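> let's see this in three dimensions:
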Amino acid sequence: MTGQYISARIVELDPSLAAQVIRYARSPFFGYRGEVHSIHDAVSRVLGYDMTMNVVMGIAVGRPFTIPADGALGLTKFWRGAVHCAAVCQILARSLPLRMRPSPGLAYLSGMVHNFGLLLLGHLFASEFARLNEVMQQQPGVALPELEQQVLGITHMELGALLMEHWGLHAEVVSAVRWHHDPGYAGVHAIYPNLVLLANRLLQRVDIGEAGHDELPPELLQTLGVGTEQAAQALATVMAASDGLERIAGQLAA
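As a prediction, this is how the structure comes out:
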């Protein structure tokens, strides 16, 4: 059996998850002009084995968490930011110079789960999470990690990285979760948190996510070998397919 056949059979065991994957494959984001009627179509014609597994993982690992739907950090905005960030990371990854190009699937997964520390916080510590939402509304110009240190004494990056390590996820993903707010990070697997930071800054231009501002650090662009126009085009590509991504985010938040 091929990897694509096996992955399709696994996903088919969960009808809800299968429906999400098919919706994703049908998104204009991938530009597939044919019909996608089944998981097999989604895997073999559009997504491929690697991307399917990372899409499935990104969707499935968020299911156990329950947090309020509304608010600056609520579930609705969380999944909207996660889905769009994953898409921008994937586009950016494919546009990088070949010598440093990361796995598009891992880039996607990094973008999808980079803020899972917020899910963990909201799920386990509801009162502290509510307080953080209040403080964000009161101090809109202050970066989220700074507010978290004020209110909690720990950041969602630290919590998220601990969660990813506990789950045994790829070291690349752990790095992305831990360092995605640090524009100067140049350590192990730096390209993944660098991509997430760049994606979040771009998405801030269309009022998606919690990056705080939309400045693209020149040093980071140089490190990645990405020009400002190339970065803007990645955002434009994703936003052209945003209707489909919004529907996916809405289903994940439901």
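
> for residue 93, what are its contacts?
The neighbourhood of residue 93, defined by C-beta atoms under 8 Å, 6 or more residues apart in numbering, consists of 101-104, 107-108, 195. For the C-beta atoms, the positions are set from N, CA and C on the backbone; glycine is no exception.

> from those, which is closest to residue 139?
Comparing the contacts of residue 93 against residue 139 with C-beta to C-beta places residue 195 closest, at 27.9 Å.

> ok, the closest one - contacts?
Residue 195 makes contact with 89, 92-93, 102, 107, 110-111, 176, 224 under the criterion C-beta under 8 Å, 6+ apart.

> now the contacts of residue 93 as JSON lines including distance to residue 151, secondary structure and pLDDT?
As requested, these are arranged in JSON lines below (distance: C-beta to C-beta, whole Å; DSSP: H, G, I helix; E, B strand; the rest coil; pLDDT from 0 to 100):
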{"residue": "101", "distance to residue 151": "39", "secondary structure": "coil", "pLDDT": "92"}
{"residue": "102", "distance to residue 151": "34", "secondary structure": "coil", "pLDDT": "93"}
{"residue": "103", "distance to residue 151": "35", "secondary structure": "coil", "pLDDT": "89"}
{"residue": "104", "distance to residue 151": "36", "secondary structure": "helix", "pLDDT": "87"}
{"residue": "107", "distance to residue 151": "31", "secondary structure": "helix", "pLDDT": "94"}
{"residue": "108", "distance to residue 151": "31", "secondary structure": "helix", "pLDDT": "91"}
{"residue": "195", "distance to residue 151": "28", "secondary structure": "helix", "pLDDT": "97"}
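
> where in this structure is pLDDT low?
Applying pLDDT under 70 to the chain flags the ranges 1-8.

> which of the contacts of residue 93 are buried, as a PyMOL select command?
Buried members of those, defined by 16 or more other C-beta atoms under 10 Å, are picked up in PyMOL with:
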select buried, resi 102+103+104+107+108+195
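
> quick one: residue 32 from residue 41, how far?
From residue 32 over to residue 41 the distance is 9 Å, taken as C-beta to C-beta, to the nearest Å.

> now for the two: what residues contact both?
With contacts defined as C-beta under 8 Å, 6+ apart, the residues adjacent to both residue 32 and residue 41 are residue 25.

> now name the helix or strand holding residue 135.
In the assignment (DSSP states H and E), residue 135 maps to helix 126-138.

> okay, now the domains of this protein?
According to automatic domain parsing, the chain is divided into the following domains: 1-60, 66-253.

> residues making contact with the helix holding residue 135?
The list of residues contacting helix 126-138 from outside it, by C-beta under 8 Å, 6+ apart, reads 67-68, 71-74, 118, 121-122, 144, 147-148, 150-152.

> next one: stretch 143-157
Contacts made with stretch 143-157 from outside it, assessed by C-beta under 8 Å, 6+ apart, are listed as 115, 117-118, 120-121, 128, 131-132, 135-136, 139, 177-181, 210, 212.

> flag every buried residue along it.
Buried residues in stretch 143-157, counting neighbours by 16+ other C-beta under 10 Å, are found at 144-145, 147-148, 151-152, 155-157.

> out of those residues, which are inside helices?
With helices identified by DSSP state H, the entries of these that belong to them are 144-145, 147-148, 151, 156-157.

> widest-spaced pair of the residues you listed?
Across those, no pair lies farther apart than 151 and 157, at 14.7 Å, counting by C-beta to C-beta.

> skipping adjacent residues, who's closest to residue 100 in space?
Nearest non-adjacent residue to residue 100, counting by C-beta to C-beta, 6 or more residues apart in numbering: residue 191, 6.4 Å away.

> the one you found against residue 224, yeah?
Yes - under the contact definition of C-beta atoms under 8 Å, residue 191 touches residue 224, with a separation of 7.2 Å.

> overlap of the contact sets of these two?
The contact sets of residue 191 and residue 224 overlap at 96, 100 (C-beta under 8 Å, 6+ apart).

> strands along this structure, start to end?
Assigned by DSSP state E, the chain shows no strands.

> what segments of the stretch 151-254 of the chain are helices?
156-167, 171-179, 191-204, 218-224, 228-240, 242-253 (DSSP state H, counting those that start in this stretch).
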